[in-house]
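>>> What follows is a predicted structure for the sequence shown.
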Amino acid sequence: MNQSALHRAGVIGTGAMGTLCARLLAERGVRTVLYGRSPARVGELNTDRENRRYLPGAAFPDGLTVTSDPGECLRDAELIVSAVPCQYTRSVWRTLMDACPTFAAPVVSVTKGIEVDTLLRPTEILADVTAGATVVALSGPCLAGEVAAGLPAAVVVAGTDADAARLVQEALSTPTLRVYTHHDVIGVELGGAVKNVIAIAAGVCDGMKLGNNAKASLMTRGLAEIAALGQAMGAVPATFRGLAGIGDLITTCSSGLSRNHTAGEKIGRGMPVAEVVATSAGVIEGIETTRSVLQLAERHAVEMPITRAVHAVLFDHVAPRDAITDLMTRRLGAEFR
């Protein structure tokens, strides 16, 4: 594929997705600056020329540098990628805005979650902190390790600004990563957030060895919960039949590379939730997202029994087997209403 028309980009966040996006841009000939808050961590990445913690074996291209200076990352950037865990997005971007209060580049969020205190989606957090920057959202089945290894994948970028969405589409598309555009930001972000909750439940199923029937039923009814909440919040129903809905759900509920599925599997095997969190190599987005999603469900009067069961296991010390019994013995009803 030809070089990108972009000349300079900034990426916020040194996790797997941030590193992946930085590599994809740099490989397209874009001078890319990856920002991390820890000078020690930044020094390690610059020395190793790969992210051994989150994306091992994926060497940094020559056009990729890492910095702990926010201004160096944002200044003169033509595109900014925000890859910060949802619950930290606001604080990180406040630091960035203090250092560089004005920038013209559009921001693409690859974060999947809902902010606990405000119940805002990632693009809403960014619009709030940046006082109105152009923000779009990228989501879909995109395990960073697989994409970095050159395995084929497809994702979707959604935004009300069609030019910004097309800019991201052109910047991140490669012969093995296909990027589609969409206009339904609400649906794309909700799909990416709530599927992490369902993935924890799917992991519990696998950890307890409940079988394929149970997992297929859970994923299907989980998708129904995602779509019901999305429709109540103004999303386009068709979005949940696409990459940001069922596509992302399948990947996250099925792969051992999914941090949320792995967490659920450990819980299903009997590991305490606190220990699962303490021993995780990174943030398990679905845990805090479960709190937020349940609040959104209550706000919009949407019934989400799987989400409620996951919340009971994570925060109310309900044993997984008891939560499953409660799910299976609920009042009988029709599949579609």
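Nice, thanks for sending it over. Numbering: from 1, shown residues only.

>>> Reduced to three states, what does residue 271 come out as?
coil (DSSP: H, G, I helix; E, B strand; the rest coil).

>>> Next one, pLDDT for it please.
Predicted confidence (pLDDT) for residue 271: 97.

>>> ok, it to residue 82 distance?
Using C-beta to C-beta, to the nearest Å, residue 271 is found at 32 Å from residue 82. Using the backbone N, CA and C atoms, a C-beta is placed for each residue, glycine as well.

>>> do the same with residue 181
Taking C-beta to C-beta, one finds residue 181 at 18 Å from residue 82.

>>> Comparing those two, which residue is more hemmed in?
residue 82 (29 against 15; other C-beta atoms under 10 Å).

>>> Contacts only, for the more buried one.
Each residue near residue 82 by C-beta atoms under 8 Å, 6 or more residues apart in numbering is listed here: 12-13, 89, 93, 107-111, 122, 126.

>>> Of the residues you listed, which belong to strands?
Cross-referencing the contacts of residue 82 against strands under DSSP state E gives 12, 107-109.

>>> List just the nearest of those to residue 302.
Nearest to residue 302 among these is residue 109, at 23.9 Å by C-beta to C-beta.

>>> now the ones in strands among the contacts of residue 82 as CSV including neighbour count?
Converted to CSV, those look like this (neighbours: other C-beta atoms under 10 Å):
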residue, neighbour count
12, 30
107, 27
108, 30
109, 30
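
>>> so which of those comes closest to residue 66?
residue 12 (11.7 Å).

>>> Relative to residue 136, how far out is the closest one?
15 Å.

>>> picking that back up, and the ones in strands among the contacts of residue 82, which two are the farthest apart?
Going by C-beta to C-beta, the pair spanning the ones in strands among the contacts of residue 82 furthest: 12 and 108, at 10.5 Å.

>>> any shared contact partners between the two?
With C-beta under 8 Å, 6+ apart, residue 12 and residue 108 have common neighbours 80-82.

>>> Okay, and which of the residues you listed map to helices?
Per DSSP state H, helices hold no members of the shared contacts of residue 12 and residue 108.

>>> how about CSV for those residues, with pLDDT added?
Below are those laid out as CSV (pLDDT from 0 to 100):
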residue, pLDDT
80, 97
81, 98
82, 98
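
>>> Among the residues you listed, which are located in strands?
80-82.

>>> Low-confidence regions, the stretch 201-337 of the chain specifically.
The stretch 201-337 of the chain contains no residues with pLDDT under 70.

>>> Tell me which stretches of it form strands.
Counting by DSSP state E, counting those that start in this stretch, the stretch 201-337 of the chain has no strands at all.

>>> Help me confirm that residue 46 comes into contact with residue 66.
Yes. Using C-beta atoms under 8 Å, residue 46 is in contact with residue 66, at 5.1 Å.

>>> Compare these two (neighbour count), which wins?
residue 66 (26 against 14).

>>> I'd guess that one is in a strand, am I close?
Yes. Assigned with three-state DSSP, residue 66 falls within a strand.

>>> Identify the bridge partners of it.
residue 34 (DSSP bridges).

>>> hang on, it packs against residue 36?
Yes. Shown here, residue 66 and residue 36 form a contact pair, counting by C-beta under 8 Å, at 6.3 Å.

>>> Find the residues that touch each one of those two.
Joint contacts of residue 66 and residue 36 (C-beta under 8 Å, 6+ apart) are 14, 42, 45.

>>> The second one touches residue 69, doesn't it?
If I follow you right, that is residue 42. No. Using C-beta under 8 Å, residue 42 is not in contact with residue 69; the gap is 9.1 Å.

>>> more crowded one of the two?
When residue 42 and residue 69 are compared for neighbours, residue 42 comes out ahead with 19 against 14, by other C-beta under 10 Å.

>>> Next, the contact list for the more buried one, please.
So residue 42 contacts 14, 36, 66-68 (C-beta under 8 Å, 6+ apart).
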